[in-house]
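I would like to see how this sequence folds:
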Amino acid sequence: MFTGVAIAQLVEAGELSFGDTVGQYIRGLPADIAALTVHQLLTHTSGLGDFMRSGYPEEARSAETATDLLPLVIGQPLEFEPGTRES
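Purely as a prediction, here's the structure:
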């Protein structure tokens, strides 16, 4: 909920849009993930899987930044076509 409120405040301030893509803010992502929108991430319709299930505890303990966790997210295929359903 806090993330949603923070994002909505940034949208209201004109700093970003719900239609912005992840690739606009994070470089070097696979094309399918870079094309995901802020809206899809917030509404759980992005198709991203549950990255916390595969190796997450070990990686989280050794991560120094959120960027250190990106391999867990981008190392998996999308579970469904973005925008077609909710996870």
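
C-alpha from now on. contacts and neighbour counts both.
Noted.

State the pLDDT value of the residue nearest the centre of the chain.
In the chain, the C-alpha nearest the mean C-alpha coordinate belongs to L41, at 5.5 Å (C-alpha atoms, centre = their mean). Looking at L41, its pLDDT is 94.

following the host helix or strand of it, which helix or strand comes up?
Using DSSP states H and E, L41 sits within helix 38-42. Going down the chain from helix 38-42, the next helix or strand is helix 56-62, by DSSP H and E.

State the mean pLDDT of that next one.
75.

for the lengthiest helix in the chain, packing partners?
When the chain is scanned for its longest helix (criterion: DSSP state H), the result is helix 2-12. Contact partners of helix 2-12 among helices and strands, from 3 or more C-alpha pairs under 8 Å, 6 or more residues apart in numbering; DSSP states H and E: none.

how about that helix: buried residues?
Across helix 2-12, burial judged by 16 or more other C-alpha atoms under 10 Å covers I7, A8.

go on, stretch 59-77?
So, applying 16+ other C-alpha under 10 Å, buried residues of stretch 59-77: L69, L72, V73, I74.
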